[in-house]
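S.K.: A structural model of the following input is requested.
(one chain, ligands or ions: 1)
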Amino acid sequence: MIEFSKISKVFKTKDREVHAVRDVNLTIDQGDIFGIIGFSGAGKSTLLRLVNLLEAPSTGTVKIQGTDLATLSQKDLRQLRRRIGMIFQNFNLMTSRTVAGNISYPLKLAGTPKAEIDRRTAELLRFVGLSEKARDYPEQLSGGQKQRVGIARALATNPDILICDEATSALDPETTADILKLLKRVNEEFGITVLLITHEMNVIQSICNRVAVMEQGQVIEQGDVYDVFTQPQHPTTQRFIQSVHQDIPSEQILKEWQKSGGQHLYRVLFKGSLTHNPLLSEITQKHQVPFNIIYGSVRELQNKLFGNLLISFQGNDVQVNKVIDELSQQVEIEEVQLHES
Ligand SMILES: Nc1ncnc2c1ncn2[C@@H]1O[C@H](COP(=O)(O)OP(=O)(O)OP(=O)(O)O)[C@@H](O)[C@H]1O
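M.R.: Numbers count the residues shown, from 1 in each chain. The predicted structure follows:
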């Protein structure tokens, strides 16, 4: 439903050109919660601004539901923008209007009749849990409450797409979790496609089903969240994932383990239903190779399990190799390279 094809954006300043977005191809399907992650300056905000043509691409096309945005008249573009809600890191609420006044503002702009504005505003206030605060002003609200107002306002005109620009970056972890739950409800209850940018992998992990990783204007990796989390390909993606799942112990722990005679260290990845099988004990017993789990976890992601275990196999090389061969037919397994101590 949102398609970026060969999109590039170059900003020309007096003395140089900045390639903010380079040759990006992305497809965001209807009903996705699609997360774009990247470090500061990666080009995420620029890409978002191309969706509602707050920026025009230097080259390439952006299509929404099959319509090339570049072909739209100003009137059609205004119409389209109403189908796209947006929320921001710093909420962007109007301080001189009440909570209800902020939420109803887009409806007023759209010329909605007063009775319908009142009905819809009350409905949205209930949805975001702020009915009691209708007459308060933004300065009387907490950060999380302000973002709830932002979400209600973005939903006022019944958009198909909700764009979230670092919507939880200014919030504490507990409030972040509440807002993410609310965004998930927006997606599930109204079928709204959510496109968000963030620099926090836990946001992607909590609610997204698809993810793209950006670096220096390019998309360096994209896919289903489960696949990208369980098998990140690019070193930058691996760094982001390490920030939420530390899948290997510290150098110091590994050194101590090595000093105490540890050897044959392997990382084994169990995905989905394989986490239910006693694979490891069956295969090691068959070849009489004792093993020791020195580090690891089993986690839930996208309603599926995946296990990441660091295992030390004991015994002679021939037997250990048989175990590795057999395991590798069913799970991902790789030797962990240890530094010489
Ligand atoms: N209007 C502009 N004029 C010139 N350069 C710009 C403009 N907007 C963005 N840039 C540059 O484009 C690059 C990408 O910026 P962008 O804001 O898209 O990155 P970002 O990933 O959203 O970063 P952050 O997380 O810090 O917001 C940066 O080098 C930035 O300085």
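S.K.: residue ranges with poor pLDDT in this protein?
M.R.: Scanning the chain for pLDDT under 70 picks out 275, 339-341.
S.K.: Can you verify F229 is assigned to a helix?
M.R.: Yes: with DSSP: H, G, I helix; E, B strand; the rest coil as the criterion, F229 is located in a helix.
S.K.: Look at it and say how many residues are nearby.
M.R.: F229: 22 surrounding residues under other Cβ atoms under 10 Å. Using the backbone N, CA and C atoms, a C-beta is placed for each residue, glycine as well.
S.K.: doesn't S243 make contact with it?
M.R.: No: look at F229 against S243 with Cβ atoms under 8 Å: they stay out of range, at 11.7 Å.
S.K.: For this protein, just list every one of the strands.
M.R.: 2-12, 17-28, 33-38, 59-64, 67-68, 84-88, 161-165, 193-198, 210-215, 218-224, 265-271, 291-301, 304-313, 332-335 (DSSP state E).
S.K.: Give me the angle between the third one and strand 2-12.
M.R.: Read it as strand 33-38. Taking axes from the mean of the first three to the mean of the last three Cα atoms, to 10 degrees, one finds strand 33-38 and strand 2-12 inclined to each other by 30 degrees.
S.K.: Can you tell me which residues in the stretch 101-250 of the chain are near the ligand?
M.R.: H199 (Cβ under 6 Å from any ligand atom).
S.K.: The residue in the stretch 51-200 of the chain positioned nearest to the ligand and S169, how far apart?
M.R.: Nearest residue of the stretch 51-200 of the chain to the ligand: H199, at 5.8 Å (Cβ to the nearest ligand atom). Per Cβ to Cβ, to the nearest Å, H199 is found 7 Å from S169.
S.K.: Show me how far the longest helix along the chain is from its chain's centre.
M.R.: The residue-count maximum for a helix in the chain (DSSP state H) belongs to helix 173-190. From the chain centre to the centre of helix 173-190 is a distance of 13 Å (Cα atoms, centre = their mean, to the nearest Å).
S.K.: What is the neighbour count of H264?
M.R.: There are 19 residues near H264, going by other Cβ under 10 Å.
S.K.: L69 is in contact with L53, correct?
M.R.: Yes: using Cβ under 8 Å, L53 and L69 qualify as a contacting pair, with a distance of 5.3 Å.
S.K.: Need the overlap of contacts for those two.
M.R.: Overlap of the contact sets of L53 and L69 (by Cβ atoms under 8 Å, 6 or more residues apart in numbering) consists of V62, L77.
S.K.: returning to what we had before: tell me the helices and strands packed up against the longest helix of the chain.
M.R.: Applying 3 or more Cβ pairs under 8 Å, 6 or more residues apart in numbering; DSSP states H and E, one finds that helix 173-190 contacts strand 33-38, helix 143-155, strand 161-165, strand 193-198, helix 201-207.
S.K.: quick one: T67 from H19, how far?
M.R.: Distance from T67 to H19, by Cβ to Cβ: 27 Å.
S.K.: what's D136 sitting at in phi/psi?
M.R.: phi -70, psi 160 (degrees, to the nearest 10).
S.K.: Now for the residue nearest to it when sequence neighbours are not counted: which residues touch it?
M.R.: Distances taken as Cβ to Cβ, 6 or more residues apart in numbering place V99 nearest to D136, at 5.4 Å, with adjacent residues excluded. The contact partners of V99, by Cβ under 8 Å, 6+ apart, come to L125, L130, K133, A134, R135, D136, Y137, P138, L141, V149.
S.K.: try 7 Å this time
M.R.: Contact analysis of V99 by Cβ atoms under 7 Å, 6 or more residues apart in numbering lists L130, K133, A134, D136, V149.
S.K.: Could you do G31 as well?
M.R.: By Cβ under 7 Å, 6+ apart, G31 lies in contact with G191, T193.
S.K.: angle of the longest helix of the chain against strand 84-88?
M.R.: 170 degrees.
S.K.: Report the angle between helix 173-190 and strand 161-165.
M.R.: 170 degrees.
S.K.: With just CA atoms, put helix 173-190 into PDB.
M.R.: Taking C-alpha atoms only, helix 173-190 is exported to PDB below (Å, rounded to 0.1, in the frame of the first residue of the first chain):
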ATOM      1  CA  PRO A 173      10.000   2.800  29.600                       C
ATOM      2  CA  GLU A 174       6.700   2.100  31.400                       C
ATOM      3  CA  THR A 175       4.900   4.900  29.500                       C
ATOM      4  CA  THR A 176       6.500   3.800  26.300                       C
ATOM      5  CA  ALA A 177       5.000   0.300  26.800                       C
ATOM      6  CA  ASP A 178       1.600   1.800  27.300                       C
ATOM      7  CA  ILE A 179       1.800   3.900  24.200                       C
ATOM      8  CA  LEU A 180       3.000   1.000  22.100                       C
ATOM      9  CA  LYS A 181       0.100  -1.100  23.400                       C
ATOM     10  CA  LEU A 182      -2.200   1.700  22.300                       C
ATOM     11  CA  LEU A 183      -0.600   1.800  18.800                       C
ATOM     12  CA  LYS A 184      -1.100  -1.900  18.500                       C
ATOM     13  CA  ARG A 185      -4.800  -1.500  19.300                       C
ATOM     14  CA  VAL A 186      -5.000   1.300  16.700                       C
ATOM     15  CA  ASN A 187      -3.600  -1.300  14.200                       C
ATOM     16  CA  GLU A 188      -5.800  -4.200  15.300                       C
ATOM     17  CA  GLU A 189      -9.100  -2.500  16.000                       C
ATOM     18  CA  PHE A 190      -9.100  -0.100  13.000                       C
END
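S.K.: Many thanks, I have nothing further to ask.
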